[in-house]
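>>> Take this sequence and fold it.
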Amino acid sequence: MQNIKRKTKPLIPILLTICMALTLILLFSTPVLAADKTVAIAPEDTETAIKTAIQAAIDDVKTAGGGTVTVIGSKTDVTVPITLSIPADVTVIWKAEYKGEIFEHDVRYSDNVLIVVALSGGGFEVASGTDIEAYFPVKGGYALHFIGDSNFSSNKVTVSGGSVKAYGSPENSALYIKDANMEMSGGTITSFGDEIITI
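Residues are numbered from 1 along each chain as shown. I've put the predicted structure just below:
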């Protein structure tokens, strides 16, 4: 009676091939994850430094595929407006204390402004921890001035917590919103002027 020998292929090369195939499948099928960033502002930071840091974080998050930029910290001696540009797929969540006495206006607008936000499909949220306060001793203005690009229906302003206040000249308003949707589920908006929110 003859013994029949069966040739078997080594298992290690086969397993390595399977592992490599699975790795390639996972590598090319995993979506790019959104990258969130946090920017901490401090009393010694200049307005220019604050604007630059926040805008750089916004740009990085956009490049990474979208996400949120959370602003924390405190600055209470603001005298110059800052302008932020928020593209689609990016939301800035403001949780910082930010207060100032504003005499200057953004060159694009005739009114004094504490923070100007240009929305190109992105969002801005006033969240718990926010304390934004603008004092206009000479001429009226806006604590938050939102200008949306009308080509984007996703422009959104959300107030979920915190406080936004404008006072001083009688023409002041806490929020100015143009070409953007607004949603308020918490927080307080206060103005000692003619209007609390201008739309």
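>>> Show me the strands in the chain, by range?
37-41, 67-78, 82-87, 90-94, 97-101, 112-120, 123-126, 131-136, 141-148, 156-168, 173-178, 181-191, 197-198 (DSSP state E).
>>> just those: most buried one?
Ranked by average neighbour count under the criterion mean count of other C-beta atoms under 10 Å, the strands of the chain are headed by strand 141-148 at a mean of 26. Every C-beta, even on glycine, is put in place using the N, C-alpha and C of the backbone.
>>> Kindly export that strand (C-alpha atoms) in CSV.
These are the backbone C-alpha positions of strand 141-148, laid out as CSV (Å, rounded to 0.1, in the frame of the first residue of the first chain):
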residue,chain,number,x,y,z
GLY,A,141,-22.3,99.9,16.4
TYR,A,142,-22.6,96.1,16.7
ALA,A,143,-21.0,93.7,19.1
LEU,A,144,-21.2,90.9,16.5
HIS,A,145,-21.5,91.8,12.8
PHE,A,146,-22.4,88.8,10.5
ILE,A,147,-22.2,89.1,6.8
GLY,A,148,-23.1,86.0,4.9
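>>> and that strand, what does it pack onto?
Helices and strands touching strand 141-148, by 3 or more C-beta pairs under 8 Å, 6 or more residues apart in numbering; DSSP states H and E, are strand 112-120, strand 123-126, strand 131-136, strand 156-168, strand 173-178.
>>> tell me the mean pLDDT over the shortest one?
Confidence over strand 123-126, taken as the mean pLDDT, stands at 97.
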